[in-house]
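> fold the stuff below for me.
(one chain, ligands or ions: 1)
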Amino acid sequence: MWDTLTQPSDILLCSGPKTGTTWLKALSFAILTRGKFDASTSPLLTTLPHDCIPFLENHVEKIKENRSDLPLLATHLPYSCLPKSIIASNCKIVYIYRNIKDVLVSYYHFVREIAKLSVEDAPFEGAFDDFCQGISYSRPYWDHILEYWKASQEMPERFLFLKYEDLKNDASSYVKRLAEFIGRPFSVEEEKAGVLENIINLCSFNTLSNLEVSKSGSYQADENASLEHRLFFRKAEDGDWENYFTDAMKEKIDKLVDEKMSGTGLVLK
Ligand SMILES: Nc1ncnc2c1ncn2[C@@H]1O[C@H](COP(=O)(O)OS(=O)(=O)O)[C@@H](OP(=O)(O)O)[C@H]1O
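Reported below is the predicted structural model:
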C-alpha cells in the first residue's frame, strides 16, 4: 500500500513523539517552498505544520489523493517498521532528537491534556515509571533513536541527524545544514537578503505558537483522534525537566541513557 505513496526523491522527516517534529516540519516546508512564498505569505501562517506535511502512518488516503509537488513526508514509525520500499529506495531521512528528560515532560503533558486529566489526577511519577519501562507511543525512546542511528551508520549519505537543542542554540548553522541536505541550499544572495533569518523567525516557537491557527482548531491526527492545535505548542524550554525530576529520577534516567547510548556519541542528557 505504501509502495505507491513514497518515491525515492521523497524526504522523510522522522522523529519520536515530542522531540521537535512540528518545528522540523515547519522548517523543511518553509525551506522547500521559499521560491513560492515568503515569510508574509507562507501557508504556515494559517496552517498547522502537521497539515502541511502528512504523517505516513496516519494519512494514507490524504497522501494518495493530494500527492503534491512537495516531496516531504513525516513519520513517528520506528526504523524497523518503515515500509521495505522506503528502506530500499534512496530517499533521504532527517531525524530529530531531543534531551530525553524534556521529551518525557513534554510527552507527559501532551498525553495528560489529551486525556483531560489534571496534574493531580495524573501525577508525573506514573508517566516517569511508564517511560522508563519503555511504554511509549512508538517504541521506547532510546530504541527509536538507536534504530535510526544504526541505519545512519550503514548509510551515512542518506541521513541527517539534528538535535533539538543544537537547532535552538545555533539555528542558522543547523537550518543551513538542513537546507543543504534536502537539496535547497541558501545562496549567498539569499542569506544577504535575510531569507534564512526570515525562515528561522517564521518557524520559531514564538511566531508559530502565537498564530491564531495554533490557538484554535483541531488536528485530525488519524480517523479517531482529533487533537487541539494548541497541544503542539507548550513551552519549548530546554531544561524544563528540572521542574519535575527528583534527584533519584535524574539518576535513574541518566543511568539508563548511559547504558543504552554508550558508544553512539549521541547525547540525550
Ligand atoms: N517552532 C518550535 N520551535 C521549538 N519548539 C517547538 C516548536 N513548536 C513546538 N515546539 C515544542 O516541541 C514539543 C512538541 O514536540 P513535537 O512537535 O515533536 O510533538 S509531536 O510529536 O508532533 O506531537 C513541545 O515541547 P514542550 O513545550 O517542551 O512540551 C513544543 O512546545
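> who's in contact with the closest residue to Ala236 other than its chain neighbours?
Nearest residue to Ala236 in three dimensions, chain neighbours excluded: Phe205, at 4.0 Å (C-beta to C-beta, 6 or more residues apart in numbering). C-beta: built from backbone N, CA, C; applies to glycine. Each residue near Phe205 by C-beta atoms under 8 Å, 6 or more residues apart in numbering is listed here: Trp23, Phe233, Ala236.
> could I get the pLDDT score of the last one?
If you check Ala236, the pLDDT there is 98.
> burial measure for it, as a count.
18 (other C-beta atoms under 10 Å).
> mind checking which helix or strand it is in?
Using DSSP states H and E, Ala236 maps to neither a helix nor a strand.
> return the set of buried residues in stretch 116-136.
Of the residues in stretch 116-136, Ala122, Phe124, Ala127, Phe128, Phe131, Ser136 count as buried by neighbour count, 16 or more other C-beta atoms under 10 Å.
> show only the entries of these found in helices.
Phe124, Ala127, Phe128, Phe131 (DSSP state H).
> who's in contact with Val175?
Here Val175 is in contact with Leu27, Ile31, Leu167, Leu196, Ile199, Ile200 (C-beta under 8 Å, 6+ apart).
> if we use 6 Å, what do you get?
For Val175, the contact set (C-beta atoms under 6 Å, 6 or more residues apart in numbering) comprises Ile200.
> ok, now Pro78?
Neighbour list for Pro78: Ser138, Arg139, His144, Glu147 [criterion: C-beta under 6 Å, 6+ apart].
> report the separation between the closest residue to the second one other than its chain neighbours and Glu189.
Sequence neighbours aside, Pro78 is the residue nearest to Arg139 in space, at 4.5 Å (criterion: C-beta to C-beta, 6+ apart). Relative to Glu189, Pro78 is positioned 41 Å away (criterion: C-beta to C-beta, to the nearest Å).
> in the strand or helix carrying Lys250, what's buried?
Element membership for Lys250, per DSSP H and E: helix 247-261. Within helix 247-261, the residues that count as buried by 16+ other C-beta under 10 Å are Met249, Ile253, Leu256, Val257, Lys260, Met261.
> ranges for the helices of the stretch 1-150 of the chain?
21-32, 49-52, 60-65, 84-88, 100-114, 124-132, 141-154 (DSSP state H, counting those that start in this stretch).
> need the residues of the stretch 1-150 of the chain near the ligand, please.
Contact residues (C-beta under 6 Å from any ligand atom) of the stretch 1-150 of the chain with the ligand: Ser15, Pro17, Lys18, Thr19, Gly20, Thr21, Thr22, Trp23, Ala26, Asp102, Ser106, His109.
> which one of those is nearest to Leu70?
If you rank those by distance to Leu70 using C-beta to C-beta, Ala26 comes first, at 13.1 Å.
> ok, the closest one - how many residues close by?
25.
> mind exporting stretch 19-26 as CSV, just the C-alpha atoms?
Taking C-alpha atoms only, stretch 19-26 is exported to CSV below (Å, rounded to 0.1, in the frame of the first residue of the first chain):
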residue,chain,number,x,y,z
THR,A,19,11.2,15.7,20.0
GLY,A,20,10.7,18.6,17.6
THR,A,21,8.6,17.2,14.9
THR,A,22,6.3,20.2,14.5
TRP,A,23,9.4,22.5,14.2
LEU,A,24,11.2,20.3,11.8
LYS,A,25,8.1,20.1,9.6
ALA,A,26,7.7,23.9,9.6
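> Glu57: how many residues sit nearby?
17.
> in the stretch 51-200 of the chain, which residue sits closest to the ligand?
Residue of the stretch 51-200 of the chain nearest the ligand, by C-beta to the nearest ligand atom: Ser106 (3.1 Å).
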